[in-house]
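Visitor: got a structure for you, letters missing:
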């Protein structure tokens with residue numbers, strides 16, 4: 001990348017996954033909780049995997065809309081759901097997995113798959129994770 005069009009900045013404080021995050025502009029400003037599945041209290045607080053899933057879903061949906069527009073394909077009532085898993089790696093440490101499920105009503109399977117694959121090539125999150133995280137693409 002030669003020139004960043006936008007740079008987001010956020011700071012984590014406290015106990016990491018059981019701490020607090022705040023964006024530089026204050027729009028995001030909340031506590032985090034470790035999910036029960038990972039030994040934490042869970043509850044009504046978010047966690048890093050949910051934040052990553054939300055960002056990836058929004059970004060991928062934008063890429064999908066852009067690809068469709070470029071190809072003169074009309075999309076209506078679309079949705080992208082991103083599931084982010086976290087677990088131990090066989091080599092030590094932890095890793096992530098991602099499943100992207102696209103709801104593309106009104107498109108035949110061949111066209112939907114082509115748009116989905118093209119969006120995966122365009123999306124900055126997909127480009128950042130390619131080769132690092134197992135990402136599965138599915139049509140709903």
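Guide: Everything's here; your move. If you're wondering where the values come from, they're calculated on a predicted model, not measured in any experiment. Residues are numbered from 1 along each chain as shown.

Visitor: which element is residue 58 on?
Guide: helix 48-70 (DSSP states H and E).

Visitor: what's the following helix or strand after that helix?
Guide: Scanning onward from helix 48-70 (DSSP H and E), the first element met is strand 79-88.

Visitor: List the buried residues for the helix holding residue 58?
Guide: 48-49, 51-53, 56-57, 59-61, 63-65, 67-68 (16 or more other Cβ atoms under 10 Å). Where C-beta positions appear, they are placed from N, C-alpha and C, glycine not excepted.

Visitor: quick check: angle from it to strand 79-88?
Guide: Interaxial angle of helix 48-70 relative to strand 79-88 (axes from the mean of the first three to the mean of the last three Cα atoms, to 10 degrees): 140 degrees.

Visitor: Centre-most residue in this structure?
Guide: residue 56 (2.0 Å; Cα atoms, centre = their mean).

Visitor: Please list all residues in contact with it.
Guide: Applying Cβ atoms under 8 Å, 6 or more residues apart in numbering to residue 56 gives the contacts 82, 84, 98, 100, 123, 125.

Visitor: ok, now residue 82?
Guide: 53, 54, 56, 57, 60, 98, 99, 100, 101.

Visitor: Compile the residues you listed into CSV and extend it with columns for pLDDT.
Guide: Below are the contacts of residue 82 laid out as CSV (pLDDT from 0 to 100):
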residue, pLDDT
53, 98
54, 98
56, 98
57, 98
60, 98
98, 98
99, 98
100, 98
101, 98
